[in-house]
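K.L.:
Generate a structure from the sequence data that follows.
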Amino acid sequence: MKTVGHWIGGKSVDGESGRTAPVTDPATGEVSAEVALASAAEVDQAVAAAAEAAVDWSRSSLATRTRVLFAYRELLDRRRDEIARLITAEHGKVHADALGEVARGIEVVEFACGLALLLKSSGSYEVSTGVDVRELRQPLGVVAGITPFNFPAMVPLWMFPMAIACGNTFILKPSEKDPSAALRVADLMAEAGLPPGVLNVVNGDAVAVRRLLEHPDVAAVSFVGSTPVAQQVYRSGTEAGKRVQALGGAKKPHGRAARRRPGRGGGQRRLGRLRLGGGALHGGLRGGRGRCHRRRAGRQDRRAHPGPADRTRRSGHVRHGPADHRRAPGQGRLLPADRPRAGRHRGAGRHPPTRSGRPARTSSVPACSTT
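P.N.:
Okay, here's the model as predicted:
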């Protein structure tokens, strides 16, 4: 079985801790690979490689950094389909969604290509008698990023291109559930001409995270994930004297407001409940994980809130299986535990009653796209 290792010092490195975690194909529920989980010693090895590379990289000219980033942008653009297939194989989102994720990451690389203008220093003369003020922007050194599973390529691409453009060296700790996309974008960075050690990827679990947060040579940490873990990362990192950016869980508020209720107050408008999360079928089956759902806010629309009968009708058209670019199913990530629930939707009656006893309304307008 394939084993996914680390990227340290500009080359692929096998895991030495002896600990691994399974990487599951969401389309089949089968284990497709094993990812090595780094020990504290392996994290130290990555930090040492980054610290050594930081000496020269922090002194490199802006033209040198920009040249690497421009080449990297072209490589990402040519390999976007390959990266999207890696995302689909391990995360489960359909190929079109994966391509959109890569496109959002490329946009950040394009912005980093023009960072030389933003890194310009400024000065103020004679702010007081005989006193001049000058502003200098200097790299911190070794910085780290801890990224979630739902955007295995986009969130890393939001972090390390900006850090590297500013003259820092970077250690990426991606999610152990879908690590291949992060390793591939790191490999492309080396192909673009990035010196060894400037970008390192360490796969791991809480052991690797704790070591990054306590290591004295790591100057800053950026985190994206759940709110409880974000709070813990922020607390541990700041206690160790590091700069910490900890972004916790986000919500997808789908509002239902201002509906009329006949017979109550002469048809006065009454505020309905605010619903957080999607009521559509693919949201219930986890296919909406990590996706953006757009609904109109401030007005009620029954078509945006399908009832049980509407969900039942749609469930018969959802195709499960490998979501590659040739035969993209309507459903993305479907874990084995979700399949019985999907079957219950398909086996339900055509018009199950609502809580009020009336048959549920159906609609021909989908709540949101599943492609």
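K.L.:
going forward, measure contacts between C-alpha atoms and count neighbours the same way
P.N.:
Fine.
K.L.:
And the host helix or strand of residue 88, what's buried?
P.N.:
In the assignment (DSSP states H and E), residue 88 maps to helix 80-90. Neighbour counts using 16 or more other Cα atoms under 10 Å place 80-81, 83-90 of helix 80-90 among the buried residues.
K.L.:
Pick the one among those closest to residue 19.
P.N.:
Proximity of those to residue 19 (Cα to Cα) peaks at residue 90, which lies at 19.6 Å.
K.L.:
Let me know the pLDDT of that closest one.
P.N.:
With respect to pLDDT, residue 90 has a value of 94.
K.L.:
try residue 330
P.N.:
Residue 330 is given a pLDDT of 45.
K.L.:
repeat for residue 239
P.N.:
Predicted confidence (pLDDT) for residue 239: 95.
K.L.:
which stretches of the stretch 151-300 of the chain have low pLDDT?
P.N.:
For the stretch 151-300 of the chain, the stretches with pLDDT under 70 are 250-300.
K.L.:
in it, which spans are strands?
P.N.:
169-173, 199-201, 218-224, 243-247, 253-254, 259-260, 269-270, 275-276 (DSSP state E, counting those that start in this stretch).
K.L.:
Of all the ones you listed, which one is nearest residue 124?
P.N.:
It's strand 243-247; of the strands of the stretch 151-300 of the chain, that one is closest to residue 124 (Cα to Cα) at 27.4 Å.
K.L.:
Sheet partners, orientation included, of the closest one?
P.N.:
Take DSSP bridges as the rule and strand 243-247 pairs in its sheet with strand 218-224 (parallel).
K.L.:
so the strand it pairs with versus strand 169-173, what angle?
P.N.:
40 degrees (axes from the mean of the first three to the mean of the last three Cα atoms, to 10 degrees).
K.L.:
check contacts around residue 153.
P.N.:
Neighbouring residues of residue 153 by Cα atoms under 8 Å, 6 or more residues apart in numbering: 87, 101-102, 105, 181-182, 185.
K.L.:
Tell me the one among those nearest to residue 68.
P.N.:
Nearest to residue 68 among the contacts of residue 153: residue 185, at 13.6 Å, using Cα to Cα.
K.L.:
Contacts for the helix or strand containing residue 67, please.
P.N.:
According to DSSP H and E, residue 67 maps onto helix 62-78. Outside helix 62-78, the residues within contact range by Cα under 8 Å, 6+ apart are 106, 109-110, 112-114, 116, 161, 164-165, 167, 185, 188-189, 191-194.
K.L.:
How about stretch 187-202?
P.N.:
Contacts for stretch 187-202 (Cα under 8 Å, 6+ apart): 5-11, 38, 42-43, 46, 49-54, 57, 68-69, 71-72, 75-76, 160, 164, 168-174, 182-183, 186, 208.
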